[in-house]
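Q: Here is my input; please provide its structure:
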Amino acid sequence: MERGLSEKAEISMVFTEHYLDWAVSQGIGKLRKAYKKLVSSRPLPPAFYHKYIKIELSEENPKVGRIRAAYEAAVKEAGSTNPGLWLEYIRLEMDPAMGKPEMVSKLHWRAMKGLDGNYTEEFVTKYTLLQAGHL
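A: Numbering: from 1, shown residues only. The predicted structure follows:
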């Protein structure tokens, strides 16, 4: 399994998600260890972060700090071209059960500054829909 992670970038990108599947089958501890190892070998596709976050959120008692850290790594890597990633992060902070509503405006500001060109327009449109409860 681990050999595929060090192969050519295009192979490695696909393999990372499969590696997460395997790691989660070994337990949450193994998954977190695999995540930490993979994050250190960037770049990683946004789908990798989505998968990891989804798994962390599915835990009985999700560790919000780990989820935030994963979102931070994801926006650092792909935040300039991925408005959906920012919106997911904002949605987490809007969640009354685990979010910090005071973070929403800060994330909005960071997204507006960090997104490239047309991505900003897409973000504004979708953020407005999210705020109105239509997304």
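Q: Now do the strands in the chain.
A: In the chain, no strands are defined using DSSP state E.
Q: which stretches of it have low pLDDT?
A: 1-14 (pLDDT under 70).
Q: can you rerun that using 80?
A: 1-15, 17, 42 (pLDDT under 80).
Q: And the helices in it, which stretches?
A: Counting by DSSP state H, the chain has these helices, from start to end: 2-5, 9-25, 28-39, 46-57, 64-78, 83-94, 102-114, 117-131.
Q: What's the separation between the spatially closest residue to Leu107 that is not a sequence neighbour and Arg32?
A: Spatially, and ignoring its direct neighbours in sequence, Leu107 is nearest to Ile90 (5.0 Å; Cβ to Cβ, 6 or more residues apart in numbering). Where you see a C-beta, it was placed from the backbone N, CA and C, and this is true even at glycine. According to Cβ to Cβ, to the nearest Å, Ile90 stands 24 Å off from Arg32.
Q: The two - which one has more neighbours?
A: Ranked by neighbour count (other Cβ atoms under 10 Å), Ile90 and Arg32 place Ile90 first, with 24 against 17.
Q: ok, now which ones touch that one?
A: Listed by Cβ atoms under 8 Å, 6 or more residues apart in numbering, the contact set of Ile90 reads Val104, Leu107, His108, Ala111, Tyr127, Leu130.
Q: Now the fourth one: closest residue in space, sequence neighbours ignored.
A: Right, the one you point to is Ala111. Nearest residue to Ala111 in three dimensions, chain neighbours excluded: Trp86, at 3.9 Å (Cβ to Cβ, 6+ apart).
Q: Ok, the first one next?
A: With Cβ to Cβ, 6+ apart as the measure, Glu93 is the residue that lies nearest to Val104, at 5.1 Å, once sequence neighbours are left out.
Q: And the one you found, how close does it get to Lys30?
A: 28 Å.
Q: who's more crowded, the two?
A: For Glu93 versus Lys30, the count of surrounding residues by other Cβ under 10 Å is larger for Glu93: 20 against 13.
Q: I'm done for today, thanks for sticking with me.
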